[in-house]
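J.: I'll drop the sequence and a predicted model, then ask my questions.
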Amino acid sequence: MTRAGAVSLTDQDVDGISVDFLHSQYVEDTYGGWSLDRRLESFLRRNGLGRVADDGDLHDLVLHRVMAYLKAIKSGLGA
């Protein structure tokens, strides 16, 4: 059961948001002084996904997917 007003994301949604984030300005040096979670939160809000940013579980889900992609990129597996 989903609580009223809650946002629901599919696995494909999480992937799409994560890839969009990884291709955004928020991964550039301009935001190098910001933590990854702060960059992601700002990206989500700027892209009309404030409800995802406000939902700790969804934010963490996207954050963990971003980190998995970053690890894959660093390992040479790509995203």
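T.: Received, thanks.
J.: tell me the gap between the strand or helix carrying residue 71 and the middle of its chain.
T.: If you go by DSSP states H and E, residue 71 is part of helix 56-74. Mean C-alpha position of helix 56-74 versus that of the full chain (Cα atoms, centre = their mean, to the nearest Å) differs by 6 Å.
J.: average model confidence for stretch 36-49?
T.: On average, the pLDDT along stretch 36-49 is 97.
J.: and that stretch, which residues are buried?
T.: For stretch 36-49, a neighbour-count test (16 or more other Cβ atoms under 10 Å) marks 39, 40, 41, 42, 43, 44, 49 as buried. From N, CA and C alone the C-beta is placed, and that goes for glycine too.
J.: from the residues you listed, which is closest to residue 67?
T.: Nearest to residue 67 among the buried residues of stretch 36-49: residue 40, at 9.9 Å, using Cβ to Cβ.
J.: residues contacting the residue lying closest to the closest one once chain neighbours are set aside?
T.: Excluding the flanking residues, the one nearest residue 40 by Cβ to Cβ, 6 or more residues apart in numbering is residue 63, at 5.6 Å. Each residue near residue 63 by Cβ atoms under 8 Å, 6 or more residues apart in numbering is listed here: 36, 37, 40.
J.: where does the protein dip in pLDDT?
T.: Along the chain, the model assigns pLDDT under 70 to residues 1-6, 77-79.
J.: and the helices in it?
T.: Counting by DSSP state H, the chain has helices at residues 11-22, 36-46, 50-54, 56-74.
J.: out of the ones you listed, which is closest to residue 29?
T.: Among those, helix 36-46 comes nearest to residue 29, with 11.8 Å by Cβ to Cβ.
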